[in-house]
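S.K.: model the structure of this input:
(one chain, ligands or ions: 1)
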Amino acid sequence: MKITNVSNVQVAQEDNVKEQFALDVLTGLCSTPKNISAKYFYDDKGSELFQKITSHKDYYPTRTEFEILDSIKDELPKVVGEKEIDLVELGAGDGHKTELVIQGFLNAGVIVNFYPIDISEKAMHLLKKNITAHKNLKIHGIVAEYFQGLRYARTLSTNKQIVLVLGSNIGNFNPAQSQGFLRQLRKTINKSDYALIGFDLKKNIDTLLSAYNDSAGITRDFNLNLLNRMNQELDANFDVSSFEHFGTYNPILGAMESYLISKKDQTVFIGELERTFEFNEMEAIHLEYSFKFLKKDINFLCEHSAFEVVEHFSDKNDYFVDTLWKAI
Ligand SMILES: C[S@@+](CC[C@H](N)C(=O)[O-])C[C@H]1O[C@@H](n2cnc3c(N)ncnc32)[C@H](O)[C@@H]1O
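M.R.: This next block holds a predicted model:
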């Protein structure tokens with residue numbers, strides 16, 4: 001498997017990644033309420049912790065999507081009807097569910113070129129272990145932001161594309177951002193290319209709350225790790241033990257929300273920004289939204305981004321949908 005780190009093609013660009021992180025932290029911590037973008041969760045430690053979350057019994061999304069993909073893997077090659085395809089995955093993570101999709105195509109005799117894209121290089125190494133080698137499978141991992149990676153993949157890709165956005169990554173965007181993301185996706189691919197997108201559905205709130213506050217505390221560690229990352233990469237002096245994780249469901253937004261809450265009044269210095277930030281006792285830093293959907297929301301997003309629904313695939317509990325769209 002080849003891995004290209006698009007953001008590290010030149011050392012100067014590596015500095016840009018750190019500068020962007022510092023700038024986003026500055027903007028986020030100067031906002032009211034304070035916030036930090038969820039994309040910064042995924043340093044090496046964050047990617048490892050996320051992998052642990054996905055196999056915890058309280059976290060239903062991964063095993064549910066696994067069940068769906070396992071049940072449709074033999075159907076997808078028939079629907080797509082190509083002899084060779086390019087599978088491009090945005091935010092691929094450890095790829096263990098994608099392995100099912102790839103196996104489905106390979107079993108049907110289809111040649112597969114797989115371009116996993118992830119902002120985390122660690123994710124790419126975790127993925128490498130989960131994808132079984134095959135003579136008809138070529139893998140080219142791309143370490144990059146979603147669209148930077150997709151544009152790069154398109155310079156290499158010559159076949160019909162299926163763009164995978166699994167794990168309800170789309171749920172990290174608010175409804176307006178999701179539309180923007182999907183429209184940009186549609187603009188970047190060709191007519192008749194496909195998208196297979198995972199959407200987590202609205203459901204019983206207790207089920208949601210336990211998934212995002214797992215009993216082993218892995219989600220807590222995952223969120224607190226963002227403070228460790230700032231300590232390491234931005235020369236900050238967060239006392240991690242004086243913040244706590246809080247995950248809750250907002251029924252008006254229809255989203256799970258993750259926060260870090262300051263346990264006391266405190267001052268933090270961030271060396272890279274050469275400034276201090278004040279946190280009041282019980283003040284929250286917003287980290288992540290995980291929007292939940294109704295099937296009608298999915299149809300709306302599809303109609304408004306120039307795709308047509310080929311089929312929605314769901315699980316026995318109707319917890320999650322992987323929907324196959326065709327670009328029109
Ligand atoms: C919630 S995990 C899901 C991983 C995988 N899709 C799954 O279903 O298990 C999100 C993944 O997207 C990656 N990611 C987050 N923001 C990204 C961005 N802006 N560009 C590229 N990758 C991103 C993270 O590094 C992480 O591996």
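
S.K.: now stretch 43-50: buried residues?
M.R.: Counting neighbours by 16 or more other Cβ atoms under 10 Å, one finds that the buried residues in stretch 43-50 are 43, 45-50. Every C-beta, even on glycine, is put in place using the N, C-alpha and C of the backbone.

S.K.: specify the beta-bridge partners of the residue of the stretch 201-328 of the chain found nearest the ligand.
M.R.: When distances are taken as Cβ to the nearest ligand atom, the stretch 201-328 of the chain approaches the ligand most closely through S290, which lies 8.6 Å from it. As for beta bridges, S290 partners with M256 under DSSP bridges.

S.K.: for it, the count of nearby residues, please.
M.R.: Here the number of neighbours of S290 (other Cβ atoms under 10 Å) works out to 20.

S.K.: also V79?
M.R.: The local packing count at V79 equals 12, with neighbours defined by other Cβ under 10 Å.

S.K.: over to H125?
M.R.: Neighbour count for H125, taken as other Cβ under 10 Å: 15.

S.K.: next one, pLDDT for it please.
M.R.: Predicted confidence (pLDDT) for H125: 92.

S.K.: quick check: phi and psi at it.
M.R.: Per-residue torsions, H125: phi -80, psi -30 (degrees, to the nearest 10).

S.K.: which residues does the residue of the stretch 201-328 of the chain closest to the ligand contact?
M.R.: If you count contacts by Cβ atoms under 8 Å, 6 or more residues apart in numbering, S290 has them with 168, 171-172, 200, 212, 255-258.

S.K.: just the pLDDT for it.
M.R.: At S290, the pLDDT recorded in the model is 98.

S.K.: how much space between it and L253?
M.R.: S290 sits 10 Å away from L253, going by Cβ to Cβ, to the nearest Å.

S.K.: can you check G149 too?
M.R.: Using Cβ to Cβ, which is the criterion applied here, G149 is 28 Å from L253.

S.K.: now do the helices in this structure.
M.R.: The residue ranges that make up the helices of the chain, judged by DSSP state H, are 11-29, 44-54, 60-72, 76-80, 98-107, 121-130, 146-156, 175-188, 205-211, 218-233, 295-303.

S.K.: got the contact list for the third one?
M.R.: So the one you mean is helix 60-72. By Cβ under 8 Å, 6+ apart, the list of residues contacting helix 60-72 reads 54-55, 96-97, 100-101, 104, 166-168, 198, 200, 207, 211, 313-317, 319-322.

S.K.: ok and the residue in the chain nearest the ligand?
M.R.: G167 (2.1 Å).

S.K.: how many residues are close by that residue?
M.R.: Close neighbours of G167, defined as other Cβ under 10 Å, add up to 22.

S.K.: what do you get for the one 10 residues further on?
M.R.: Residues contacting Q177 under the criterion other Cβ under 10 Å number 13.

S.K.: show me the shaky parts of this protein.
M.R.: Per-residue confidence for the chain (pLDDT under 70) gives these ranges: 7-14.

S.K.: quick check: domain ranges of it?
M.R.: The record, using automatic domain parsing to delimit domains, assigns the chain the ranges 11-41+205-291, 60-202+294-327.

S.K.: wait, Y152 touches V88, no?
M.R.: No. Counting by Cβ atoms under 8 Å, V88 is not a contact partner of Y152; they are 10.0 Å apart.

S.K.: who's more crowded, those two?
M.R.: More neighbours sit around V88 than around the other of Y152 and V88, counting by other Cβ under 10 Å; the figures are 29 against 19.

S.K.: return the residue of the protein that is most distant from the centre.
M.R.: D265 (32.9 Å; Cα atoms, centre = their mean).

S.K.: just checking, that one touches N280?
M.R.: Yes. Under the contact definition of Cβ under 8 Å, D265 touches N280, with a separation of 5.7 Å.

S.K.: tell me, what's touching the two both at once?
M.R.: Both D265 and N280 lack any common contacting residue under the criterion Cβ under 8 Å, 6+ apart.
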